[in-house]
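pasting the structure only:
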């Protein structure tokens, strides 16, 4: 098994000038210091107040001096690894690689064999993880769909175990949102890594939390993030501020709101645990002006993706961002357009982690064929990222001289050396028209067939049963009734 990362792409994109980035940063610090951000966690308010923030206990709003935020962010490491259970699948977050992951947390699935749309289960999650494990394009897992047949209080932990049972790739989750869950998840990850010290060295789990736009956090998410940061797990906070609803109608204004949410949380992590690995996370969009709904695709999304990447680079932390996860209801022209544009903008601006492969309807529905189709988009962008190499070998002057006018390069040794460097699609339809006309099938059908074949045939070796029992016991402890004081 290998990972199809995009490394140091030869194309690049900057939609903001250095002066514009600096102006966004200055405006963000102004908002954090003069308007404030809500931190509904007493420990967080205590910590911020101890570092000079003006705290209103009634509203739970902290107004943090800009220099405190900047000093805290300066302690964050610019690079670190996301470890797999198999070291060969480790992902260096070093600013030179872009990785694709699944997304979460959908609540429905399109059955790969019947096409039925239904509520997702733990078995569906395991199936999705197996398909993602098989695809080289998928470098790491999010919990793509919710295991709705598991107890709510431990659902997120069952989901983690289900993925670890079928894949050795890194896992990043957004569903660990309480202190209790976070402590159990850290214990599970430590058991897999070989202890707390080894987990800190090679974090096999990273944690994502969502902010509450505008300018607020969730208390459970803050508590969970602090526990993960203490254990050395990479922690990110994702803004989903939406133009004209949870953010201003202007893109720059929504960037300021979202940036204030993210960097205030990352600063809190650094104040609590200096030097802990953190990352910027964003999936901003614009409200649909007809319905008020989340759009999941459109030019604002693509521009936000590129802009937040530049902001993350400004703060010298990695970025995990929403791409793919189209708003389309089924695989088709809209999903292809959405996912190609969003991922290209992200890769061109240097995003470290891209999320969303396999999801439809704005991250609500998992479709197995969409996961395969998104992997094809990624393979195309990976080929684009390699660019054009210009050197003595690739200029091919000797071959050109030997073939000459009117010749053919097909049988030349130079062609044999390099032909496998050319992109070879698996789902693009390049057949003669007559062959297509006879069957009238195409990418979606072929992707569905491939997904079904993976589900039938790809069964990775499960975790060692002793270790699996240990993880199940940690989950069961969270399901036990709390002791009632005498």
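Everything's here; your move. Model, not experiment: these values are computed from the prediction.

so where's the stretch 351-486 of the chain uncertain?
For the stretch 351-486 of the chain, the stretches flagged by pLDDT under 70 are 481-486.

for it, which segments are assigned as helices?
Assignment of helices within the stretch 351-486 of the chain using DSSP state H, counting those that start in this stretch yields the ranges 368-386, 392-395, 397-403, 413-418, 433-439, 443-457, 465-479.

relative to residue 178, which of those is closest?
helix 465-479 (9.8 Å; C-beta to C-beta). The way it works is simple: take the backbone N, C-alpha and C, and place the C-beta from them, glycine included.

what about that closest one, distance to the chain center?
27 Å (C-alpha atoms, centre = their mean, to the nearest Å).

what comes up buried for that helix?
For helix 465-479, burial by neighbour count (16 or more other C-beta atoms under 10 Å) applies to 471, 474, 475, 478.

in JSON lines: those residues, plus distance to residue 445.
Below are those laid out as JSON lines (distance: C-beta to C-beta, whole Å):
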{"residue": "471", "distance to residue 445": "39"}
{"residue": "474", "distance to residue 445": "43"}
{"residue": "475", "distance to residue 445": "39"}
{"residue": "478", "distance to residue 445": "43"}
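
and the helices of the stretch 351-486 of the chain, which is most packed in?
helix 368-386 (a mean of 23; mean count of other C-beta atoms under 10 Å).

got the angle for that one vs helix 443-457?
110 degrees (axes from the mean of the first three to the mean of the last three C-alpha atoms, to 10 degrees).

related to what we said a few turns ago, determine which of the helices of the stretch 351-486 of the chain approaches residue 236 most closely.
Closest among the helices of the stretch 351-486 of the chain, using C-beta to C-beta: helix 368-386, at 21.1 Å.

what about that closest one, distance to the chain center?
Centre to centre, stretch against its chain (C-alpha atoms, centre = their mean), the figure for helix 368-386 is 15 Å.

packing partners of that helix?
strand 6-7, strand 97-102, helix 122-134, helix 333-348, strand 353-357, helix 443-457 (3 or more C-beta pairs under 8 Å, 6 or more residues apart in numbering; DSSP states H and E).

possible to save these as CSV with distance to residue 431?
Formatted as CSV, the helices and strands packed on helix 368-386 follow (distance: least, C-beta to C-beta, whole Å):
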stretch, distance to residue 431
strand 6-7, 29
strand 97-102, 28
helix 122-134, 25
helix 333-348, 19
strand 353-357, 26
helix 443-457, 11
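
tell me which of these lies nearest to residue 48.
Among those, the nearest to residue 48 by C-beta to C-beta is strand 353-357 (27.8 Å).

so what's the nearest residue to residue 59 once chain neighbours are set aside up against?
Closest residue to residue 59 apart from its sequence neighbours, by C-beta to C-beta, 6 or more residues apart in numbering: residue 38 at 7.0 Å. By C-beta atoms under 8 Å, 6 or more residues apart in numbering, the contact set of residue 38 is 59, 60, 61, 62, 212, 215, 216, 217.

now residue 38: how far from residue 56?
9 Å (C-beta to C-beta, to the nearest Å).

swap in residue 150?
Residue 150 sits 39 Å away from residue 56, taking C-beta to C-beta as the criterion.

which of these two has more neighbours?
Taking neighbours as other C-beta atoms under 10 Å, residue 150 and residue 56 compare with residue 150 leading, 19 against 12.

isn't that one right up against residue 160?
No - between residue 150 and residue 160 there is no contact under C-beta atoms under 8 Å: 11.2 Å.

quick one, what contacts residue 184?
Contacts of residue 184 (C-beta under 8 Å, 6+ apart): 154, 157, 474, 475, 477, 478.

helix, strand, or coil at the nearest residue to the fifth one once chain neighbours are set aside?
Meaning residue 477. In space, and not counting its chain neighbours, residue 477 is closest to residue 184: 7.3 Å by C-beta to C-beta, 6+ apart. Under the three-state scheme (DSSP: H, G, I helix; E, B strand; the rest coil), residue 184 adopts helix.

for residue 184, give me the pLDDT.
pLDDT, residue 184: 98.

wait, which of the contacts of residue 184 is closest to residue 74?
Nearest to residue 74 among these, with distances taken as C-beta to C-beta, is residue 157, at 34.5 Å.

so which residues make contact with the helix or strand that contains that closest one?
Using DSSP states H and E, residue 157 maps to helix 155-166. Applying C-beta under 8 Å, 6+ apart, the contact partners of helix 155-166 are 85, 122, 125-126, 129-130, 133, 141, 143, 146-148, 150-151, 171, 173, 175-177, 181, 184-185, 188, 192, 205, 459-460, 462-463, 468, 471-472, 474-475, 478.

and the gap between residue 422 and residue 386?
Counting by C-beta to C-beta, the gap from residue 422 to residue 386 is 11 Å.

what's the burial count for the nearest residue to residue 198 once chain neighbours are set aside?
Nearest residue to residue 198, sequence neighbours excluded (C-beta to C-beta, 6+ apart): residue 190, at 7.8 Å. By other C-beta under 10 Å, 21 other residues sit near residue 190.

so which strand or helix has residue 190?
Going by DSSP H and E, residue 190 is part of helix 179-193.

please check the contacts of helix 155-166 and keep the buried ones.
85, 122, 125-126, 129-130, 133, 141, 143, 146-147, 150, 171, 173, 175-177, 181, 184-185, 188, 192, 205, 463, 471, 474-475, 478.

pLDDT weak spots in the protein?
481-486.

pick out the residue nearest the middle of it.
residue 355 (3.3 Å; C-alpha atoms, centre = their mean).

quick one, what contacts it?
Neighbours of residue 355 in contact, by C-beta under 8 Å, 6+ apart: 101, 102, 103, 142, 283, 320, 321, 322, 323, 324, 325.
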